[in-house]
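# model the structure of this input:
(one chain, ligands or ions: 1)
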Amino acid sequence: MNIFERIRDSVTMTQVAELYGIDTRRSMINCIFHDDKTPSMKLYDDHYYCFGCGAYGDAASFAAQITGLSQYEAAKQLCSAFGIVHNSSEPFIKPIIQRETQREQETKVYRILSDYYRMLKRFREGYAPQNIETKPSPQFTESLAKLDEYENYCNIFISGTQEERRDFIENRKEAVEYARKRLSEYHRNDRRGQTVGTRPRMAGRQEHKRGAVL
Ligand SMILES: [Zn+2]
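As a prediction, the model looks like this:
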């Protein structure tokens, strides 16, 4: 077992973040890789993932980013901080990849976009004004402003090409961030706001569906 595996086996990402003075009481922390105004980084036991910029890695890469050390030096620092015994003569093996594959990114981005799209659709149907004199609710107004836009985004992931999807992920981060923010605000305000229905399958290696999401 190399030093990186030994660390992943011995301590959780939460313990590592706390070692560097990061408050982990909320479910997400501010990303340490991008200028993060709302916490977008989730800590799992053996890795972290940022829903804003896609940063992904293990304890050593997290520590390296904070300390400015190389991953191997940061790993040694973690070992001494947590009393993890490692054999320095073990062959040096590269830590797990930093960035997730495009496929993993696409799945996560599409999940956020389609959840938000379905939320807007519920707003359009469930919050429509009863008659012409009623002032439209903020939910209905939001659905008017955003529904078509997010339907188009979802369709890129359902029937677009790989280049279109990559282009979207690289250049439309703010649209994903906006959807993520609205979903978390909505779920915070309304615990009944569970997503309903089944998400249509993203265009995969075998299947190529066309058409609007439902
Ligand atoms: Zn980030």
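# could you list the contact residues of the protein toward the ion?
Along the chain, the residues adjacent to the ion under the rule C-beta under 5 Å from the ion are 31, 33-34, 50, 52-53, 55. Backbone N, C-alpha and C define where each C-beta goes, glycine included.
# what packs against the helix ranked longest in the chain?
Using DSSP state H to assign secondary structure, the helix with the most residues in the chain is helix 102-126. If contacts are counted by 3 or more C-beta pairs under 8 Å, 6 or more residues apart in numbering; DSSP states H and E, helix 102-126 sits against helix 138-159, helix 162-171, helix 173-189.
# could you redo these as TSV and give each row mean neighbour count and mean pLDDT?
TSV is the format used below for these (neighbours: other C-beta atoms under 10 Å; pLDDT from 0 to 100):
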stretch	mean neighbour count	mean pLDDT
helix 138-159	17	94
helix 162-171	14	89
helix 173-189	16	89
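# reformat these as CSV; add distance to residue 7.
Putting the helices and strands packed on helix 102-126 into CSV (distance: least, C-beta to C-beta, whole Å) gives the following:
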stretch, distance to residue 7
helix 138-159, 35
helix 162-171, 30
helix 173-189, 29
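# can you tell me, leaving aside adjacent residues, what's nearest to residue 142?
Distances taken as C-beta to C-beta, 6 or more residues apart in numbering put residue 123 closest to residue 142, at 6.0 Å, once the chain neighbours are dropped.
# what about that neighbour, neighbour count?
Counted with other C-beta atoms under 10 Å, the neighbours of residue 123 add up to 21.
# nearest to residue 10, of the helices and strands packed on helix 102-126?
Closest of these to residue 10 is helix 173-189, at 31.7 Å (criterion: C-beta to C-beta).
# off-centre distance for that closest one?
Centroid displacement of helix 173-189 relative to its chain, using C-alpha atoms, centre = their mean, to the nearest Å, is 11 Å.
# ok, stretch 102-116 next?
Worked out by C-alpha atoms, centre = their mean, stretch 102-116 lies 8 Å from the chain centre.
# name the residues of it that come out as buried.
By neighbour count on 16 or more other C-beta atoms under 10 Å, the buried set for stretch 102-116 is 105-106, 108-116.
# residues contacting the most centrally placed residue in the chain?
Nearest to the geometric centre of the chain sits residue 51, at 2.3 Å (C-alpha atoms, centre = their mean). Taking C-beta atoms under 8 Å, 6 or more residues apart in numbering, we find residue 51 in contact with 28, 40-42, 108, 112, 176, 180.
# now do the longest helix of the chain and helix 162-171, the angle between them.
Relative orientation of helix 102-126 versus helix 162-171 (axes from the mean of the first three to the mean of the last three C-alpha atoms, to 10 degrees): 80 degrees.
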